[in-house]
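Asker: Provide a 3D model corresponding to the input given below.
(one chain, ligands or ions: 1)
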Amino acid sequence: MTQAHHHIHPRTVNYKTQFFSSRMRRAIDTDKSRMEDFENIMTISKETYFITVRLLHRESRMLLKLSFSTAKTVERLVACNVGRVRWMSTGMEKGSNFFFRQLFDTVSSTYTYLLGDMKTCEAVLIDPVLEHAERDAALIKELGFNLLYAMNTHMHADHITGTGKLKSLLPGTKSVIGKASGAQADMFLIDGDVVFFGCYKLLATATPGHTNGCLTYISHEQGIAFTGDTLLIRGCGRTDFQEGSSETLYHSVHNKIFTLPENYTLYPAHDYKGQTATTVGEEKKYNPRLTKPLKKFIDIMDKLNLPYPKMIDKAVPANRVCGLY
Ligand SMILES: N[C@@H](CCC(=O)N[C@@H](CSS)C(=O)NCC(=O)O)C(=O)O
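Answerer: Below is the predicted model of the structure:
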């Protein structure tokens, strides 16, 4: 199922709407007299309403941000400083059963992400690296997770995926990749597919350009997205091999990533400068490539002149079978 998101301009909202849970209503009612100025931003998909309400606390000048969905899967209370919009969390606040861990490979500068439901113990791993399969499996076991899926954002060229090895270390794990990647796996995703783990889910969104099969995995509940090599922090994936196309990548980013709410945190597959995450708002403002018009972007990409990844001749054939699925 494909989810289309439309942004409705902020407008006054009746906070007594039936969409609020009693817990949330109580929280607002308790301090009602001190709340001034509220607005809401609504994101509507086919099945869910995501509503963010901003309430300004008159005395402390704190901005309370309440995000929730009518699907009742999420209720977040995020406090941030007025003006600075410093998010305290991305849905990983106290009380949530959402588990998130960013892991790193220093050789290929690859990030691997472990996500889990701490209540049901179901987990997924995004973009594992072969050389760290044992580390990842040990962590998963230690934390008591049951790894459902070893997922790839795309067919990597700079390292061999850890998927195959993880399947043998953690029997029952299924390999997952985009159908358009042309790779072999246990499960193939197309745009709009949803992967479930416990009570959480990831929406697979096609973002081709670096490769044909590139997917961005979005968690609307947590306000986070895993962009693979499509969008890097202040950069983007190269487009000079596999099925690379600068024009396609540009449209993927502008239509599928930059249309997400600006406070969504983005987690890339790589960073070469020691940065760990970014946001949609930051990249829309500061990405030195993707803030440019299409023609200029293509010109920048044509002139990148990057050396081929050292592992490409080994990695691509191995990843065609997901490191043996
Ligand atoms: N030096 C590394 C490869 C670096 C590289 O080419 N990274 C890719 C993503 S992995 S295919 C990329 O798209 N980089 C874009 C950029 O602007 O850096 C190696 O030899 O493995």
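
Asker: now the helices for this protein?
Answerer: Under the criterion DSSP state H, helices of the chain are mapped to 22-30, 133-142, 163-169, 246-252, 280-286, 294-302, 312-319.

Asker: what number of residues lie near the nearest residue to Val195 once chain neighbours are set aside?
Answerer: Distances taken as Cβ to Cβ, 6 or more residues apart in numbering place Leu202 nearest to Val195, at 4.7 Å, with adjacent residues excluded. To be clear about C-beta, it is placed using only N, CA and C from the backbone, and glycine gets the same treatment. Neighbours of Leu202 under the rule other Cβ atoms under 10 Å: 28.

Asker: List, one by one, the residues from the protein near the ligand.
Answerer: With the criterion set to Cβ under 6 Å from any ligand atom, the chain comes near the ligand through Ser108, Ala157, Asp158, Asp229, Gly235, Gly237, Arg238, His270, Leu306, Pro309, Lys310, Met311.

Asker: Just the buried ones among the residues you listed, please.
Answerer: Neighbour counting over those (16 or more other Cβ atoms under 10 Å) leaves Ser108, Ala157, Asp158, Asp229, Gly235, Gly237, Arg238, His270, Pro309, Met311 as the buried ones.

Asker: quick one: low-confidence parts of the stretch 101-250 of the chain?
Answerer: Nowhere does the stretch 101-250 of the chain drop to pLDDT under 70.

Asker: rerun at 90
Answerer: For the stretch 101-250 of the chain, the stretches with pLDDT under 90 are 119, 199, 221.

Asker: what's the nearest residue to the residue in the stretch 1-150 of the chain that the ligand sits nearest to if we skip its chain neighbours?
Answerer: Closest residue of the stretch 1-150 of the chain to the ligand, Cβ to the nearest ligand atom: Ser108 (5.4 Å). Spatially, and ignoring its direct neighbours in sequence, Ser108 is nearest to His159 (4.1 Å; Cβ to Cβ, 6+ apart).

Asker: and the most centrally placed residue in the chain, bridged to which residues?
Answerer: Centroid-nearest residue in the chain, with Cα atoms, centre = their mean: Ala225, separated by 1.3 Å. Beta-bridge pairing of Ala225 under DSSP bridges involves Ile218, Leu266.

Asker: so it sits right up against Tyr264, yeah?
Answerer: Yes - if you go by Cβ atoms under 8 Å, Ala225 and Tyr264 touch, sitting 5.8 Å apart.

Asker: any common contacting residues for those two?
Answerer: Jointly contacting Ala225 and Tyr264 under the rule Cβ atoms under 8 Å, 6 or more residues apart in numbering are Ile218.

Asker: The closest residue to Lys201 other than its chain neighbours - how many residues pack around it?
Answerer: Leaving aside its sequence neighbours, Lys201 sits nearest to Val194 (Cβ to Cβ, 6+ apart; 5.1 Å). Residues lying near Val194 (other Cβ under 10 Å) number 13.

Asker: on that earlier part again, you'd agree the residue of the stretch 1-150 of the chain closest to the ligand is up against Thr161?
Answerer: No - under the criterion of Cβ under 8 Å, Ser108 makes no contact with Thr161, lying 11.1 Å away.

Asker: ok, Ile160 - contacts?
Answerer: Val129, Leu130, Met311, Lys314, Ala315, Ala318, Asn319, Gly323.

Asker: ok, it to the ligand distance?
Answerer: According to Cβ to the nearest ligand atom, to the nearest Å, Ile160 stands 12 Å off from the ligand.

Asker: Ile257: how many residues sit nearby?
Answerer: Neighbours of Ile257 (other Cβ under 10 Å): 23.

Asker: Identify the residues contacting His154.
Answerer: Here His154 is in contact with Ile177, Gly178, Ser181, His210, Thr211, Gly213, Cys214, Leu215, Gly228, Asp229 (Cβ under 8 Å, 6+ apart).

Asker: Same check on Asp117?
Answerer: Asn97, Phe98, Phe99, Ala123, Phe197, Gly198, Cys199, Tyr200 are the contacts of Asp117 under Cβ under 8 Å, 6+ apart.

Asker: can you check Val316 too?
Answerer: Here Val316 is in contact with Met155, Ala157, Gln242 (Cβ under 8 Å, 6+ apart).
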